[in-house]
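**Q** Here is my input, please return the structure:
(one chain, ligands or ions: 3)
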Amino acid sequence: MDSSSISSTAASFVTLKFRCFDPTSAYSATPNHRRSFVTSSRSLTPCATNSNGSMATSVNSERKIITGEAGYVLEDVPHFSDYISDLPTHPNPLQDNPSYSVVKQHFVDVDDSVAQNIVVHQDSPRGRHFRRVGPREKVYFESDDVHACIVTCGGLCPGLNTVIREIVCGLYYMYGVHKVLGIEGGYRGFYARNTIPLTPKIVNGIHKRGGTILGTSRGGHDTSKIVDSIQDRGINQVYVLGGDGTQKGASAIFEEIRRRGLKVAVAGIPKTIDNDIPIIDKSFGFDTAVEEAQRAISAAHVEAESFENGIGVVKLMGRYSGFIAMYATIASRDVDCCLIPESPFYLEGPGGLFEYIEKRLKENGHMVIVIAEGAGQELLSEIMHTMDQQDASGNKLLQDVGLWISQKIRDHFGKKRKMTINLKYIDPTYMIRAVPSNASDNVYCTLLAHSAIHGAMAGYTGFTVGPVNGRHAYIPFYRITERQNRVVITDRMWARLLSSTNQPSFLDPKKISSPSYLLFESRRQGGFVKYEMKSMQNALKQLVEKIQECGLYFRIIRNHYSAFPINIAAELTISK
Ligand SMILES: Nc1ncnc2c1ncn2[C@@H]1O[C@H](COP(=O)(O)OP(=O)(O)OP(=O)(O)O)[C@@H](O)[C@H]1O
Ligand SMILES: O=P(O)(O)OC[C@H]1O[C@](O)(CO)[C@@H](O)[C@@H]1O
Ligand SMILES: [Mg+2]
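**A** Ligands and ions are numbered 1, 2, ... in the order given. You can find the predicted model right below:
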């Protein structure tokens, strides 16, 4: 259940204020769409809305929502023209670029958008869309005036250097931009470190290396110092590579830039091997990480099958999202059990992990367990009574679940069951994210970089780029930062994994006996949308909070969730 989508939808339909929008071309509102724009404390140039008047448009100070017929919703990204009036535009130099002269349609249609939901029923509303990426006919910068910078923040990820390379080369070769600065050491580099001039020559072979040539860091995000530095250096395009924390930081930078009325584009490129960024199909480096994880799993398998009752335990990254573990397991087929943060498990008793291990060892003589670093943390903290520790960005520091579970297994079989086991624990976590990106990630990184460049040149700002159902789109920051992408254990992919490993579901037998979902509907434009609620109690609590916060109308139409407490059910009905 995407509870956050509900809150944002609610927040989007608050105040109504319109003005005409024509950022990149001689474009005018079509009869089917009415444009609505960011309202800010700055004065807006008033102009006419379309005469048709058949569509409703809603907007609040944060979001640009455009609605059309049959429930069409475009969640647009900010543009310079939202807060700076009378900016000159220039013809896009790409049209004179010999390499791109083969392209039949030089520029993407400004009305093109990418649908978030592509599986639809015959009569379902057209739903949410994002602006399609690509070069626009008019640009808001002359090549010589562009002064771009690139910064990388958060943990490492395969492909960072490729994106850096492609931003530098893309700006240079597509738009004739020669001034690109690398900011060293993450956000704090804006005000505390040196910068590196980046040219195609300097970045030429960097995609063959892991890591980031710019260095990275956690913490140190000081919005006003960063924007001061951007202003002082005369930077007018900021490319920010990083995960959810970084995108939040980029959003704060954008807001401050807009508040100061600066013509500076802020473009985010999502980075995380955890694949925990929502909306986009997957993040760059994820494929490479999954591929690299195969090597560790294979080693664990070789070790395990060579010894009596051999057990290979492999820990993979994934703080809150177990995608690497899940995909690596499905790809490998050597894994007997995969444990991820989204799927709680227990050790002792019927249906528990120890019982399953014993069964597998009896059947097969060996087994491989893959565990994501964020799995079972609730078990560890209960036992270890650990203090909450955080990294410099405020992310919770996790206990080493791989070591913990290995010890637990040794103790159980050695001391309690008096069984000889040979357990080998492999922790390849940093090896997996420090490698250079593979071929497919390299191509993906190139597309991301180019999409970001086209957007910034066209005057868009405050956006993240990424593929949505295979087509790249400009996504507003708030969509990327409001929730994390997590494995849905009631989806078919997790079922595929369970059927490949044959591991138990670790669900409490009492809860398995009845279906665990709640079906309800929310009133949105163009009709009712059904959401299937399949997650557990804390997700429901959050949902209730969001609903109350937004004052949305909700009606439960069916409650199949046996463990669903009555008082929450009551709150849900009250909230209308
Ligand atoms: N809410 C926030 N507002 C502003 N800046 C933030 C916020 N959260 C994180 N940042 C900044 O973003 C940078 C990176 O954040 P973080 O360390 O959480 O990594 P991340 O981008 O989420 O990547 P990873 O996938 O490695 O976790 C840090 O410099 C941090 O200070
Ligand atoms: O040890 P570091 O550099 O803080 O990074 C570890 C974290 O980074 C991530 O790889 C995300 O980038 C997480 O999976 C992991 O918990
Ligand atoms: Mg993060």
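
**Q** how is the protein carved up into domains?
**A** The chain resolves into domains spanning 1-46, 138-279+437-465+476-481, 286-426, 514-557 when parsed by automatic domain parsing.

**Q** Most tightly packed of these?
**A** Most buried of the domains of the chain, by mean neighbour count (mean count of other CB atoms under 10 Å): domain 138-279+437-465+476-481, with a mean of 22. From N, CA and C alone the C-beta is placed, and that goes for glycine too.

**Q** follow-up on the earlier one: could the domains of the chain go into CSV alongside mean pLDDT?
**A** Listed next are the domains of the chain as CSV, based on pLDDT from 0 to 100:
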stretch, mean pLDDT
domain 1-46, 34
domain 138-279+437-465+476-481, 97
domain 286-426, 94
domain 514-557, 48
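
**Q** So which of those domains is nearest ligand 3?
**A** Minimum separation from ligand 3 across the domains of the chain (CB to the ion) falls at domain 138-279+437-465+476-481, 3.8 Å.

**Q** follow-up on the earlier one: now render the domains of the chain as JSON lines, adding distance to residue 79.
**A** Converted to JSON lines, the domains of the chain look like this (distance: least, CB to CB, whole Å):
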{"stretch": "domain 1-46", "distance to residue 79": "4"}
{"stretch": "domain 138-279+437-465+476-481", "distance to residue 79": "5"}
{"stretch": "domain 286-426", "distance to residue 79": "30"}
{"stretch": "domain 514-557", "distance to residue 79": "23"}
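
**Q** Now render those domains as TSV, adding distance to ligand 3.
**A** Converted to TSV, these look like this (distance: least, CB to the ion, whole Å):
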stretch	distance to ligand 3
domain 1-46	16
domain 138-279+437-465+476-481	4
domain 286-426	6
domain 514-557	19
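
**Q** Report the contact partners of the nearest residue to residue 489 once chain neighbours are set aside.
**A** The shortest distance from residue 489 to any non-neighbouring residue, by CB to CB, 6 or more residues apart in numbering, is to residue 343 (4.9 Å). For residue 343, the contact set (CB atoms under 8 Å, 6 or more residues apart in numbering) comprises 322, 375, 487, 489, 494, 505-506.

**Q** Then residue 409?
**A** Listed by CB under 8 Å, 6+ apart, the contact partners of residue 409 are 311, 313, 354, 357, 421, 423.

**Q** got it, and residue 309?
**A** Contact analysis of residue 309 by CB under 8 Å, 6+ apart lists 361, 365-366, 413, 419-422.

**Q** Is it possible to get TSV of the residues you listed that adds secondary structure and distance to residue 392?
**A** Formatted as TSV, the contacts of residue 309 follow (DSSP: H, G, I helix; E, B strand; the rest coil; distance: CB to CB, whole Å):
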residue	secondary structure	distance to residue 392
361	helix	43
365	coil	46
366	strand	41
413	helix	39
419	coil	44
420	coil	44
421	coil	39
422	strand	39
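
**Q** Looking at the residues you listed, which is nearest residue 217?
**A** Closest to residue 217 out of the contacts of residue 309 is residue 422 (40.6 Å), distances taken as CB to CB.

**Q** And the nearest residue to that closest one once chain neighbours are set aside, how close does it get to ligand 2?
**A** Nearest residue to residue 422, sequence neighbours excluded (CB to CB, 6+ apart): residue 307, at 3.8 Å. Counting by CB to the nearest ligand atom, to the nearest Å, the separation of residue 307 from ligand 2 is 30 Å.

**Q** okay but residue 307 is in contact with residue 366, surely?
**A** Yes: the pair residue 307 / residue 366 is scored as a contact, 7.3 Å apart, by CB atoms under 8 Å.

**Q** bridging residues for residue 152?
**A** residue 241 (DSSP bridges).

**Q** Tell me who's in contact with it.
**A** Residue 152 neighbours (CB under 8 Å, 6+ apart): 160, 164, 186, 212, 214-216, 241-242, 271.

**Q** Spatially nearest residue to residue 459 (excluding sequence neighbours)?
**A** According to CB to CB, 6+ apart, the nearest residue to residue 459 is residue 140 (3.6 Å).

**Q** Provide the backbone phi and psi angles at the one you found.
**A** Per-residue torsions, residue 140: phi -100, psi 10 (degrees, to the nearest 10).

**Q** give the contact list for it.
**A** 80, 87, 89-90, 263, 457-459.

**Q** With residue 353 instead?
**A** By CB under 8 Å, 6+ apart, residue 353 lies in contact with 337, 339, 345-347, 506.

**Q** could these go into JSON lines alongside distance to ligand 2 and secondary structure?
**A** Formatted as JSON lines, the contacts of residue 353 follow (distance: CB to the nearest ligand atom, whole Å; DSSP: H, G, I helix; E, B strand; the rest coil):
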{"residue": "337", "distance to ligand 2": "20", "secondary structure": "strand"}
{"residue": "339", "distance to ligand 2": "15", "secondary structure": "strand"}
{"residue": "345", "distance to ligand 2": "19", "secondary structure": "coil"}
{"residue": "346", "distance to ligand 2": "23", "secondary structure": "coil"}
{"residue": "347", "distance to ligand 2": "23", "secondary structure": "coil"}
{"residue": "506", "distance to ligand 2": "22", "secondary structure": "coil"}
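
**Q** Distance of the spatially most central residue of the chain relative to residue 230?
**A** By CA atoms, centre = their mean, the chain has its centre lying nearest to residue 277, at 1.3 Å. To residue 230, residue 277 is 24 Å away according to CB to CB, to the nearest Å.
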